[in-house]
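[1] structure of the sequence below:
(2 chains)
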Amino acid sequence: MASRRYSGLISALILLVLLLMLISMNLGSGPVSLIDLLHSADAAAVQLILVEIRLPRTLIAAIAGASFGICGAVMQGLLRNPLASPGLIGSSSGAALGAVLVLYLGLSQINWLLLPAGGMLGALVALVLVYLLAGRDASVVTIVLAGVAINALAISLVSLILNLAPSPYAVQEIVLWTLGSVSNLSLNDLWLLLLPTVLGWLLLIGTGRGLDLLTLGEDTAHSMGIDLFALRARLFVAVALCIGGAVSITGAIGFIGLVVPHLLRPLVHYQPGRLLPASALGGAAMLLAADIVVRLMPPGPEIKIGVLTAIVGAPFFLFLILKTRRWQI
Amino acid sequence: MLEIENLFVTLGAKPVVRAASMQVHQGELLGLLGPNGAGKSTLLRSILQLIPSSGMVTFEGHAVQTIPLQTRSRKMAYLAQQGPVNWPLSVERLVTLGRVPHLTSWQHLSSIDQKIVQRILHQTDLWHLRNRTVTTLSGGERTRALLGRALAVDAPLLLADEPVAALDPAHQLQIMHLLRQYSESDHAVVVVMHDLTLAARFCHRLALMHNGTVIAVGTARQVLTPEHLAAVYNIDARYGADDDFYVIPWREIRQLASTQ
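    From the prediction side, this is the model:
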């Protein structure tokens, strides 16, 4: 019966994502909707708007959101801490640093592939550094502390780059990018996002059991057949690919990886393995919804999606801390 | 079934297990005794390859480190001392986790697995609590749930680290009875414990550790001698035998200079 309830939840989330994608496709500055495709005088223009502008925006929001959601669930499961998120172990800020460095050096003008490559490399370097700092048999606390240190270092290096930026325009470009957005993205960006993301998702397949057993602590999980070193390495690479890919295309969009798994966890009866697919769908829904909200705002300077998720996410984070504290007392 | 020969474990710079040797046979409940810091938990963890060690540990004739991790996880179950449960799982889901070593990545629980889980929920007196979350249980119920998970592995060898330490007498008797029952159904159990009376009452054999070495292995009469108890625990005991031999720790022989 529990299994049927789980498939019910997954089906409901899939429907929600599809519905939000449909709304997203019909929403934009021009009065163009999907129906116009069928009977519009200017079919070519309509097709251009829908396929070249709205489709990438919609799909990128869904895919990046799914990555943020699933990676949040992965890190919370691996570190067995509801406050953990990809940001915690340095992958988000590492990705931001890699991408900002590419922007700063002007490399993105040489080849547009270099921006996501920089993001992925940054995320991977940050994760590997955390892993090396924490050591092979590291405890959760050591990994979190190493993550905090690498996070702080990456953020300070981003600030240093802003500090050294040659012109105010460069600063503006970098700052706007770091705020996070899914607007003005092309089909090229979509392909660029897909490759690392799909690789990352493939790596995550079959890791649910390991995360389930980690509930009982590392010693017990190992005694039940989980190779902790291999599991950690696999999850870290997967998170680096997903987060590096997503952050370099959309910029830093925080809090989805924190909030979504937390909201869905009771619905999957606290089973870390089952939380992964649910969080992917939940993340996609949340980023699509945030992007729809951003587009529904009154005209004026565009509110960046990363700003919106942070404004909503930060109070939620505080609420989580307070709730956890009450638990412990 | 399990043979430990000349085992050494060093944690940091400190030798914790020194030249420990003992054997565990099929069908027996072996009580591993010794003061705090004697190396009992470390010995269990090194048998499970959770920490590096030197010396020989063989299981069913094979060196333990050569047995693939997956196979080992079905052969040896481990109940950690006050093991954590990090998410508020239900009791039934917790016990079900014990079946995971028997499943491949995509396999779901078979009806046999489900029957085993149900049987264990009854045996551990958890059936009425199966839908409660582990975080809301009392100490005794939680220990039973964690033991249920370890029993669900149905491994030939169970290594249990102080499962009765925090329990009231009724639950202590219940858990010891369960462990004895499990061992007598063609399994073997090594149980780390401090309660000498319970150990003498329930265990087929006892192994006594002191300063990282197994200094005596045998029946309760052979191991819990006044000489051993004085040397290892610095205590006197009272003995008796109605039907069975029993022992009650009675008093310290001299004031301990420091507690270990």
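
[2] now the element after the strand or helix carrying A:Gly119, going C-ward?
    Per DSSP states H and E: A:Gly119 is located in helix A:114-134. As assigned by DSSP H and E, the chain's next helix or strand after helix A:114-134 is helix A:140-164.

[3] could I get the buried residue list for that following helix?
    For helix A:140-164, the neighbour count (16 or more other Cβ atoms under 10 Å in any protein chain shown) marks A:140, A:143-144, A:146-147, A:150-151, A:153-155, A:157-158, A:161 as buried. In this view, the C-beta of every residue, glycine as well, is placed from N, C-alpha and C.

[4] what about that helix, average pLDDT?
    Average pLDDT, helix A:140-164: 86.

[5] show residues contacting that helix.
    By Cβ atoms under 8 Å, 6 or more residues apart in numbering or on different chains, the list of residues contacting helix A:140-164 from outside reads A:79-81, A:84, A:87-90, A:93-94, A:96-97, A:100-101, A:104, A:122, A:126, A:129-131, A:133-135, A:138, A:171, A:174-175, A:178.

[6] C-terminal to it, what's the next element?
    helix A:168-179.

[7] around chain B, pick out the residues from chain A.
    Within reach of chain B by Cβ under 8 Å from any Cβ of the partner chain, chain A has these residues: A:80, A:206, A:209, A:212-217, A:219-220, A:222-225, A:227, A:265, A:269-272.

[8] among those residues, name the ones in helices.
    Members of the residues of chain A next to chain B lying in helices (criterion: DSSP state H): A:Arg209, A:Asp212, A:Leu213, A:Leu214, A:Asp219, A:Thr220, A:His222, A:Ser223, A:Pro272.

[9] tally of neighbours for the first one?
    It refers to A:Arg209. By other Cβ atoms under 10 Å in any protein chain shown, the residues close to A:Arg209 number 23.

[10] how much space between it and A:Glu218?
    From A:Arg209 across to A:Glu218, the span is 15 Å (Cβ to Cβ, to the nearest Å).

[11] which strands or helices does whichever strand or helix holds A:Leu322 pack on?
    If you go by DSSP H and E, A:Leu322 is part of helix A:305-328. Identification of packing neighbours for helix A:305-328 by 3 or more Cβ pairs under 8 Å, 6 or more residues apart in numbering or on different chains; DSSP states H and E yields helix A:168-179, helix A:256-264, helix A:272-296.

[12] tell me what angle the shortest one forms with helix A:272-296.
    Right, helix A:256-264. Computed by axes from the mean of the first three to the mean of the last three Cα atoms, to 10 degrees, the angle separating helix A:256-264 from helix A:272-296 equals 120 degrees.

[13] hmm, who's touching helix A:256-264?
    Under Cβ under 8 Å, 6+ apart, the answer for helix A:256-264 is A:9, A:65, A:68-69, A:71-73, A:75-76, A:82-83, A:85-87, A:275, A:278-279, A:282-283, A:286-287, A:309, A:313, A:316-317, A:320.

[14] rerun that using 6 Å as the cut-off
    A:68-69, A:71-73, A:76, A:82, A:85-86, A:275, A:278-279, A:282-283, A:286, A:313, A:316 (Cβ atoms under 6 Å, 6 or more residues apart in numbering or on different chains).

[15] on that earlier part again, let me have the buried residues of helix A:140-164 in JSON lines, extended by distance to A:Ser248.
    Below are the buried residues of helix A:140-164 laid out as JSON lines (distance: Cβ to Cβ, whole Å):
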{"residue": "A:Val140", "distance to A:Ser248": "28"}
{"residue": "A:Ile143", "distance to A:Ser248": "24"}
{"residue": "A:Val144", "distance to A:Ser248": "25"}
{"residue": "A:Ala146", "distance to A:Ser248": "23"}
{"residue": "A:Gly147", "distance to A:Ser248": "20"}
{"residue": "A:Ile150", "distance to A:Ser248": "18"}
{"residue": "A:Asn151", "distance to A:Ser248": "17"}
{"residue": "A:Leu153", "distance to A:Ser248": "19"}
{"residue": "A:Ala154", "distance to A:Ser248": "14"}
{"residue": "A:Ile155", "distance to A:Ser248": "17"}
{"residue": "A:Leu157", "distance to A:Ser248": "16"}
{"residue": "A:Val158", "distance to A:Ser248": "13"}
{"residue": "A:Ile161", "distance to A:Ser248": "15"}
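
[16] list just the nearest of those to chain B.
    A:Val140 (9.4 Å; Cβ to the nearest Cβ).

[17] what about the closest residue to B:Gly240 other than its chain neighbours, distance to chain A?
    Nearest residue to B:Gly240, sequence neighbours excluded (Cβ to Cβ, 6 or more residues apart in numbering or on different chains): B:Tyr246, at 5.3 Å. According to Cβ to the nearest Cβ, to the nearest Å, B:Tyr246 and chain A sit 33 Å apart.

[18] so B:Tyr246: helix, strand or coil?
    Of the three states, B:Tyr246 takes strand under DSSP: H, G, I helix; E, B strand; the rest coil.

[19] wouldn't it be in contact with B:Tyr239 here?
    No. In this structure B:Tyr246 lies outside contact range of B:Tyr239 using Cβ atoms under 6 Å: 7.1 Å.

[20] compare those two (neighbour count), which wins?
    Per other Cβ under 10 Å, whichever of B:Tyr246 and B:Tyr239 has more neighbours is B:Tyr246, with 18 against 15.

[21] okay, that one: pLDDT?
    pLDDT at B:Tyr246 comes out at 84.

[22] what's the helix or strand for the residue most central in space within chain B?
    Among the residues of chain B, the one closest to the centroid is B:Ala160, at 2.2 Å (Cα atoms, centre = their mean). Using DSSP H and E, B:Ala160 sits in strand B:157-161.

[23] ok, now B:Met22?
    Element membership for B:Met22, per DSSP H and E: strand B:14-24.

[24] and that strand, how far out from the chain's middle?
    Distance of strand B:14-24 from its chain centroid, counting by Cα atoms, centre = their mean, to the nearest Å, is 16 Å.

[25] ditto for stretch A:21-29
    Taking Cα atoms, centre = their mean, the mean C-alpha location of stretch A:21-29 is offset from the chain mean by 21 Å.

[26] what mean pLDDT does that stretch have?
    86.

[27] got any ranges where the chain has weak pLDDT?
    Unless you meant another one, I'm taking chain A. Residue ranges of chain A with pLDDT under 70: A:1-2, A:29-32, A:37-38, A:40-41, A:135-140, A:324-329.

[28] my bad, the chain I had in mind was chain B
    Scanning chain B for pLDDT under 70 picks out the ranges B:255-260.
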